[in-house]
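Participant: The amino acid sequence is not available; the structure is as follows:
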């Protein structure tokens, strides 16, 4: 498994590459699982171990080589950007920021309708709920539960069953269940576990200390977007592996939407009815597809480069974790494209939909000003730089602290106004 980190991910699909390895004097097909899509994006190239590979001397080094070949010679004909590779890492694997192996024991105090428990953690990733059974199960019921992996029996040294645990099943609503159904509801975001009231959904046997066992993992949210190098070891040893680290930042985690954001989203759904018609519909649907978008804008009749193209639609997406690099945006773009493709207007080809990030424009200023006292020179200079950085921030800048609309640049008069407000500045000359 080889991680290929590309300098820039390509929106246009590049020519297909043929991967090969060297054996017995000639190159042979490798047949890998190509997560880079022919070096279009950052990804992992996976293939089986090459026990029959032969040594080959290339570039002054005798090693085991693999190569990617443009079999049809499409790059030589022109019209395609040549992929640029920034880094190559061996023995790569995808990871998720998840804390596993958490267990909690709970006690049902009495036959209370709709009893709920708040777990010690939120953002539950996966959960399994076991309940200690107070009655003796029949042979038929025991066999049925055992066959589906829902029965766990603890026995004494002589083989006598000491405890019987049954794995209950999660449901989205108690309404469709009877009084004997062993089901529960879980609010994964808040970490709240609820049981039925005995009419819709059974109640765990009360009065048994620690009679409910919850095994779960937790993770997710923006706090899980780790920076490069923050993963620096292994919790459990693995054969032939003595080191683990992340050369790229982790991305994709976003926090749960607030009640106000959910109400706003629901209002927009009533307007667009899950069909992209207007430019605002494209933006709203993209925000629904991925929760990690800071802001977006839609430009109709333009292709990826901004040139006129009748029938085309270009979505410009500013993501929240911009420091994660192109690899994060490639996955985000794919999710948005798959979501929007099913909701495009009739007659519009998915090939006419373009999705890209905004191009950040560098602004250079030469400020000539007077200060009240020479001792104020450097503090005022730092204050001017800080004020301009805050004002030009694409997300929290501008006079209203709501950032800048995509495609809009500040003018000279606006920046002069910001500079003149800096304390200690006597006169702005230019």
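Facilitator: Perfect, thanks for sending it. All values derive from a computational prediction rather than experimental measurement.

Participant: Quick check: phi and psi on residue 413?
Facilitator: Backbone torsions of residue 413, given as degrees, to the nearest 10, read phi -60, psi -40.

Participant: list the contacts for residue 69?
Facilitator: Contact analysis of residue 69 by CB atoms under 8 Å, 6 or more residues apart in numbering lists 17-20, 27. The C-beta positions use only the backbone N, C-alpha and C, and glycine is treated the same way.

Participant: Which pLDDT value belongs to it?
Facilitator: pLDDT for residue 69: 92.

Participant: Quickly note the distance from it to residue 18.
Facilitator: For residue 69, the distance to residue 18 (CB to CB, to the nearest Å) stands at 5 Å.

Participant: residue ranges for the strands of the stretch 301-430 of the chain, please.
Facilitator: In the stretch 301-430 of the chain, the segments counted as strands under DSSP state E, counting those that start in this stretch are 308-319, 353-356, 369-371, 425-428.

Participant: Any idea which of those has the lowest pLDDT on average?
Facilitator: Among the strands of the stretch 301-430 of the chain, strand 425-428 scores lowest, with a mean of 78.

Participant: List the beta-bridge partners for residue 299.
Facilitator: The partner list for residue 299 in beta bridges (DSSP bridges) reads residue 314.

Participant: Find the nearest non-adjacent residue to residue 72, please.
Facilitator: Using CB to CB, 6 or more residues apart in numbering and skipping the chain neighbours, the partner closest in space to residue 72 is residue 15 (6.5 Å).

Participant: ranges for the helices of the stretch 101-250 of the chain?
Facilitator: Applying DSSP state H, counting those that start in this stretch to the stretch 101-250 of the chain gives helices spanning 139-147.

Participant: Identify the residue nearest the geometric centre of the chain.
Facilitator: The chain has residue 252 as the residue nearest its centroid, 1.7 Å off, counting by CA atoms, centre = their mean.

Participant: For that one, give me phi and psi.
Facilitator: Residue 252 has phi and psi values of phi 100, psi -20 when expressed as degrees, to the nearest 10.

Participant: so what pLDDT did it get?
Facilitator: Here, the pLDDT recorded for residue 252 equals 75.

Participant: thinking it is in contact with residue 221, fair?
Facilitator: No. Using CB atoms under 8 Å as the test, residue 252 is too far from residue 221 to be in contact (10.5 Å).

Participant: pLDDT below threshold where in this structure?
Facilitator: Confidence mapping of the chain against pLDDT under 70 gives the ranges 323-326.

Participant: which residues touch residue 253?
Facilitator: The neighbours of residue 253, taking CB under 8 Å, 6+ apart as the test, are 97, 220-225, 292.

Participant: The nearest residue to it once chain neighbours are set aside: what's it in contact with?
Facilitator: Residue nearest to residue 253 in three dimensions, not counting chain neighbours: residue 224, with 4.1 Å by CB to CB, 6+ apart. Neighbour list for residue 224: 97, 250, 253 [criterion: CB under 8 Å, 6+ apart].

Participant: ok so, going back, for residue 53, which of the strands of the stretch 301-430 of the chain is the nearest?
Facilitator: Among the strands of the stretch 301-430 of the chain, the nearest to residue 53 by CB to CB is strand 353-356 (39.3 Å).

Participant: Which strands or helices does the closest one pack on?
Facilitator: Applying 3 or more CB pairs under 8 Å, 6 or more residues apart in numbering; DSSP states H and E, one finds that strand 353-356 contacts strand 308-319, helix 326-341.

Participant: Residue 82 contacts residue 75, correct?
Facilitator: Yes. The pair residue 82 / residue 75 is scored as a contact, 6.3 Å apart, by CB under 8 Å.

Participant: quick one, which of these two is more surrounded?
Facilitator: A direct count of neighbours by other CB atoms under 10 Å for residue 82 and residue 75 places residue 75 higher, at 15 against 9.

Participant: ok, residues contacting stretch 340-356?
Facilitator: Here stretch 340-356 has contacts from 11, 274-277, 282, 285-286, 289, 302-304, 309, 311-317, 333, 336-337, using CB under 8 Å, 6+ apart.

Participant: Look up how far residue 151 lies from the closest residue in space to residue 137 that isn't next to it in sequence.
Facilitator: Spatial nearest neighbour of residue 137, excluding adjacent residues (CB to CB, 6+ apart): residue 164 at 6.3 Å. For residue 164, the distance to residue 151 (CB to CB) stands at 7 Å.

Participant: which neighbours do those two share?
Facilitator: Any residue near both residue 164 and residue 151 by CB under 8 Å, 6+ apart counts here, and that gives residue 137.

Participant: re the thing from before, now, which of the contacts of residue 69 sits nearest residue 244?
Facilitator: Using CB to CB, the contacts of residue 69 come closest to residue 244 at residue 19, 26.1 Å.

Participant: Might one say that residue 313 is in contact with residue 303?
Facilitator: No. Using CB under 8 Å, residue 313 is not in contact with residue 303, being 9.5 Å away.

Participant: which one of these two has more residues nearby?
Facilitator: The neighbour comparison of residue 313 against residue 303 (other CB under 10 Å) goes to residue 313, with 22 against 16.

Participant: The nearest residue to residue 369 once chain neighbours are set aside - how many residues pack around it?
Facilitator: Once flanking residues are discounted, residue 369 sits nearest to residue 428: 4.8 Å by CB to CB, 6+ apart. Applying other CB under 10 Å, we find 15 residues neighbouring residue 428.
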